[in-house]
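Peer 1: Got a predicted structure here, sequence first:
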Amino acid sequence: MKRRLSVAIALEETHSLSTDWIWGDEILARGLFKHLNESYDCQLVDGAECRALANQERFDVAIYFHPWLEARIARFNLVWLQSPREGFWSHLTENQWIQHWFDMVSSRFNGILCASKVLTDQFAQRGLPAYYFQQFADTDIYYRHELGGTGPSFDCIYVGNNIKGESGNRRGIYPIAEFCLREGLRFGLFGAGWRSAKEWRLLLPFMHGPVAAMRVPSLYSETKVVLNLHFPSHRRFGIFTSRVYEGLACEAFVVSDSVRDSEEIPKTAALLTSEPEGLVDGIARCLEMSPAKADEIGRQGRTLVRNEHSAATRAKTVERIISLHC
């Protein structure tokens with residue numbers, strides 16, 4: 001009988017799904033683990049274990065969710081570049097940043113999974129094994145929760161910390177808050193740091209504070225519209241965040257700022273994208289729709305994520321990559 005390959009999924013910390021300390025990255029990692037474990041002997045490995053196993057090649061394959069972890073715990077090591085946030089490269093030009101990542105990955109890993117098609121092509125042109133690997137949602141966790149006969153608690157919600165800067169707030173969050181105040185809409189703003197925003201008094205009626213990651217699916221089920229805002233680098237390199245797929249998986253409308261032209265944009269009427277200045281119009285269009293039509297479109301959005309952007313579909317991508325190398 002052929003030996004089952006061993007696969008490690010490495011991330012900084014691991015927690016149980018029931019704890020409030022679990023992060024979105026770990027939910028994604030555990031979703032991938034669950035499906036890969038059907039074909040391989042899988043193990044979640046935290047930062048301390050990576051340090052203990054560094055350079056020992058204990059596993060056949062390792063998929064790193066964080067690039068700073070100690071490398072080469074497997075014979076074939078891949079790192080997932082999910083999000084090229086500005087803080088990682090503010091002092092570098094675009095070409096310098098790409099070269100920096102190329103040098104780091106090629107010296108420590110055997111290849112890269114990349115959430116940006118643009119960057120995937122750039123890395124491949126430099127000779128690095130690079131595979132397009134978009135964000136996704138674990139549809140076993142992100143699904144529409146029944147509300148017990150009550151209607152949605154919110155018209156629109158945003159779940160995210162105040163980390164995208166005042167320019168992003170001025171173009172996105174503040175106009176939406178003003179619109180909701182003017183129209184008497186129920187806007188929920190969840191996350192840390194919003195009291196430090198310059199227009200915090202405008203946002204105060206909508207603030208609900210941080211929320212545990214495992215409570216987010218129920219929140220998405222309690223709203224008509226999930227708002228999504230990207231970092232400038234996401235927009236520049238064509239990366240839809242996992243929030244887009246998670247909101248759709250919960251059968252909500254998702255109104256998001258657009259990203260760089262991408263053939264991979266989810267094709268569903270439940271996702272409305274525009275420049276940041278058009279987000280208010282997108283929310284208004286969703287709220288004008290009849291409940292029956294909104295439910296129909298929401299179900300279509302979930303079906304698309306389940307079929308094309310779920311943990312199960314991403315696991316199949318990993319299996320294809322592994323088959324090429326092991």
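Peer 2: On my side now, so go ahead. Numbering: from 1, shown residues only.
Peer 1: domain assignment for this structure?
Peer 2: 6-136+310-325, 154-308 (automatic domain parsing).
Peer 1: The ones you listed: which one's closest to Y142?
Peer 2: domain 154-308 (3.9 Å; C-beta to C-beta). C-beta: built from backbone N, CA, C; applies to glycine.
Peer 1: average pLDDT for the closest one?
Peer 2: Domain 154-308 shows an average pLDDT of 93 in the prediction.
Peer 1: still on that earlier bit, in a markdown table: the domains of the chain, plus mean neighbour count and distance to Y143.
Peer 2: Below are these laid out as a markdown table (neighbours: other C-beta atoms under 10 Å; distance: least, C-beta to C-beta, whole Å):
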| stretch | mean neighbour count | distance to Y143 |
| --- | --- | --- |
| domain 6-136+310-325 | 18 | 11 |
| domain 154-308 | 18 | 6 |
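Peer 1: I'd like to know which of these lies nearest to E146.
Peer 2: Judging these by C-beta to C-beta, what sits closest to E146 is domain 154-308, at 7.8 Å.
Peer 1: Now do the closest one: distance from first to last residue.
Peer 2: End-to-end distance of domain 154-308 (C-alpha to C-alpha, to the nearest Å): 28 Å.
Peer 1: roughly how far is that domain from the heart of the chain?
Peer 2: 13 Å (C-alpha atoms, centre = their mean, to the nearest Å).
Peer 1: And Y174, how far from R201?
Peer 2: Look at Y174 and R201: by C-beta to C-beta, to the nearest Å, they are 11 Å apart.
Peer 1: again with V216
Peer 2: For V216, the distance to R201 - C-beta to C-beta - is 26 Å.
Peer 1: if we can go back for a sec, kindly reformat the domains of the chain as JSON lines containing distance to R144.
Peer 2: As requested, the domains of the chain are exported to JSON lines (distance: least, C-beta to C-beta, whole Å):
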{"stretch": "domain 6-136+310-325", "distance to R144": "15"}
{"stretch": "domain 154-308", "distance to R144": "4"}
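Peer 1: Ok, which of the ones you listed comes nearest H145?
Peer 2: Across these, H145 has its closest neighbour in domain 154-308 (4.0 Å, C-beta to C-beta).
Peer 1: which secondary structure elements does the host helix or strand of R320 contact?
Peer 2: In this structure, R320 sits in helix 311-325 according to DSSP states H and E. Applying 3 or more C-beta pairs under 8 Å, 6 or more residues apart in numbering; DSSP states H and E, one finds that helix 311-325 makes contact with helix 24-36, strand 59-64, strand 74-81.
Peer 1: Measure how the first one sits relative to helix 311-325, angle-wise.
Peer 2: With axes from the mean of the first three to the mean of the last three C-alpha atoms, to 10 degrees as the basis, helix 24-36 and helix 311-325 are set at 70 degrees to each other.
Peer 1: After helix 24-36, which helix or strand is next?
Peer 2: For helix 24-36, the following helix or strand on the C-terminal side (DSSP H and E) is strand 41-45.
Peer 1: Paired strands for that following strand, with orientation please.
Peer 2: strand 6-10 (parallel) (DSSP bridges).
Peer 1: quick one, what contacts L113?
Peer 2: Residues counted as contacts of L113 (C-beta atoms under 8 Å, 6 or more residues apart in numbering) are 63, 78-81, 130-131, 133, 321.
Peer 1: quick one: S242 and E26 touch, right?
Peer 2: No - with contact defined as C-beta atoms under 8 Å, S242 does not reach E26; the gap is 12.0 Å.
Peer 1: On the three-state scheme, the residue nearest to P205 when sequence neighbours are not counted is what?
Peer 2: Excluding the flanking residues, the one nearest P205 by C-beta to C-beta, 6 or more residues apart in numbering is L181, at 7.3 Å. What DSSP: H, G, I helix; E, B strand; the rest coil gives for L181 is helix.
Peer 1: got it, and H100?
Peer 2: helix.
Peer 1: Equivalent analysis for P84, please.
Peer 2: Put simply, P84 is coil when judged by three-state DSSP.
Peer 1: got the residue ranges for the helices in the stretch 201-326 of the chain?
Peer 2: Along the stretch 201-326 of the chain, counting by DSSP state H, counting those that start in this stretch, helices occupy 216-221, 232-237, 242-249, 279-288, 291-308, 311-325.
Peer 1: now those helices in TSV, with distance to T14?
Peer 2: Supplementary listing: the helices of the stretch 201-326 of the chain in TSV, determined by distance: least, C-beta to C-beta, whole Å:
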stretch	distance to T14
helix 216-221	19
helix 232-237	26
helix 242-249	18
helix 279-288	36
helix 291-308	25
helix 311-325	17
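Peer 1: Of all these, which one is nearest S6?
Peer 2: Across the helices of the stretch 201-326 of the chain, S6 has its closest neighbour in helix 311-325 (11.0 Å, C-beta to C-beta).
Peer 1: With just CA atoms, put the closest one into CSV.
Peer 2: The C-alpha trace of helix 311-325 is given here as CSV (Å, rounded to 0.1, in the frame of the first residue of the first chain):
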residue,chain,number,x,y,z
ALA,A,311,-11.8,25.5,1.7
ALA,A,312,-12.7,22.3,-0.1
THR,A,313,-11.9,23.8,-3.6
ARG,A,314,-8.6,25.4,-2.3
ALA,A,315,-7.6,22.0,-0.9
LYS,A,316,-8.0,20.5,-4.3
THR,A,317,-5.6,23.1,-5.7
VAL,A,318,-3.1,22.2,-3.0
GLU,A,319,-3.5,18.5,-3.9
ARG,A,320,-2.7,19.3,-7.6
ILE,A,321,0.4,21.1,-6.6
ILE,A,322,1.6,18.3,-4.3
SER,A,323,1.1,15.8,-7.1
LEU,A,324,3.5,17.7,-9.2
HIS,A,325,6.3,17.6,-6.6
